[in-house]
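Novice: Below is the sequence, then the predicted model.
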Amino acid sequence: MFPLEVVKLVAVDFSYKPSEIYIKKGTPTKVTFKNEGNVEHDFELVSDEDILIQTTSSTNHQHGKTAAKKVHLHAKPGETATVVLKATAAGTYQFYCTIPGHKESGMVGRITFL
Ligand SMILES: [Cu+2]
């Protein structure tokens, strides 16, 4: 096994830390999404290019690889969700929390595959 690149993302009420993420394209990268807030939060990224999703969170028993244009992680307060993804191309995309009102409250960030 190759050591994985790891990116840690934390959600609080109501923002992401950090709000700017950089991931090398073509490199499998594990994203851990920890909710340190008091309410549920999620992470949604919609890309123009396929992102290979290699594993999903422990709360979700899908395994294998899926080519998708969307990555979604969800965590209850105190929980951590993880995903291993690999971007096929460079690009900068917005990510946000889909829970009503959260995006408007500041739960927005930017991810760059480079
Ligand atoms: Cu949220």
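Specialist: Yes, it's here.
Novice: neighbours around the nearest residue to residue 41 once chain neighbours are set aside, how many?
Specialist: Closest residue to residue 41 apart from its sequence neighbours, by Cβ to Cβ, 6 or more residues apart in numbering: residue 11 at 3.9 Å. Heads up, the C-betas are built off the backbone N, CA and C, glycines and all. Neighbours of residue 11 under the rule other Cβ atoms under 10 Å: 25.
Novice: Neighbouring strands - and their directions - for the lowest-mean-pLDDT helix or strand in the chain?
Specialist: Ranked by mean pLDDT, DSSP states H and E, the helix or strand of the chain with the weakest confidence is strand 63-75, at a mean of 82. Paired strands of strand 63-75, with direction, are strand 41-55 (antiparallel) (DSSP bridges).
Novice: Am I right that the residue nearest to residue 41 is in contact with residue 36?
Specialist: Yes - here residue 11 lies in contact with residue 36, judged by Cβ atoms under 8 Å, at a distance of 6.8 Å.
Novice: contacting residues for the residue lying closest to residue 35 once chain neighbours are set aside?
Specialist: Spatial nearest neighbour of residue 35, chain neighbours left out: residue 75 (3.9 Å); criterion: Cβ to Cβ, 6+ apart. Applying Cβ atoms under 8 Å, 6 or more residues apart in numbering, we find residue 75 in contact with 11, 33-35, 40-42, 81.
Novice: what does stretch 19-35 rub up against?
Specialist: Counting by Cβ under 8 Å, 6+ apart, 2, 4-11, 41, 43, 52, 54, 71, 73, 75-90, 95, 108-114 sit against stretch 19-35.
Novice: which ones are touching the nearest residue in space to residue 107 that is not next to it in sequence?
Specialist: Of all residues beyond its chain neighbours, the one nearest residue 107 is residue 97 (3.6 Å), with distances taken as Cβ to Cβ, 6+ apart. Listed by Cβ under 8 Å, 6+ apart, the contact set of residue 97 reads 11, 14, 16, 41-44, 103, 107-108.
Novice: Cheers, nothing more for now.
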